[in-house]
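Visitor: Give me the fold of what follows.
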Amino acid sequence: LAIPSSSKKSDADMYFISWSTSKEYSQIVADNKGWAKVPPGTRASLYENEQYMNAAPFAQIALDSINS
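Guide: Purely as a prediction, here's the structure:
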């Protein structure tokens, strides 16, 4: 993720990126929409979560892609 140098609200942009890739956000999404709806590729710890790995059929493919 990146913030363009032309951004007029880079502090707010950074706050949003930090929040939307946090463990807390992942848990909110999982609680409200299910583990398969948690955005992939945002946290290494997501792929250590058995619930996510079992619920998201694409999880292993995404992890393999990240690792390659």
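
Visitor: Tell me which residue is most central in this structure.
Guide: Thr42 (3.2 Å; CA atoms, centre = their mean).

Visitor: Let me know the distance separating that one from Ser5.
Guide: 23 Å (CB to CB, to the nearest Å). From N, CA and C alone the C-beta is placed, and that goes for glycine too.

Visitor: Nearest spatial neighbour of Ser45, chain-adjacent residues omitted?
Guide: Spatially, and ignoring its direct neighbours in sequence, Ser45 is nearest to Lys23 (6.7 Å; CB to CB, 6 or more residues apart in numbering).

Visitor: what do you get for Met14?
Guide: Counting by CB to CB, 6+ apart, the residue nearest Met14 is Ile3, at 6.4 Å.

Visitor: What is the neighbour count of the one you found?
Guide: 14 (other CB atoms under 10 Å).

Visitor: Adjust the sequence numbering to begin at 480 for everything that follows.
Guide: With the count now opening at 480, the last piece we talked about shows up as Ile482.

Visitor: Tell me which residues touch it, please.
Guide: 489, 492-493, 496 (CB atoms under 8 Å, 6 or more residues apart in numbering).

Visitor: What's the per-residue pLDDT of the closest residue to the residue nearest to the centre of the chain other than its chain neighbours here?
Guide: Spatial nearest neighbour of Thr521, excluding adjacent residues (CB to CB, 6+ apart): Thr500 at 4.3 Å. Predicted confidence (pLDDT) for Thr500: 94.
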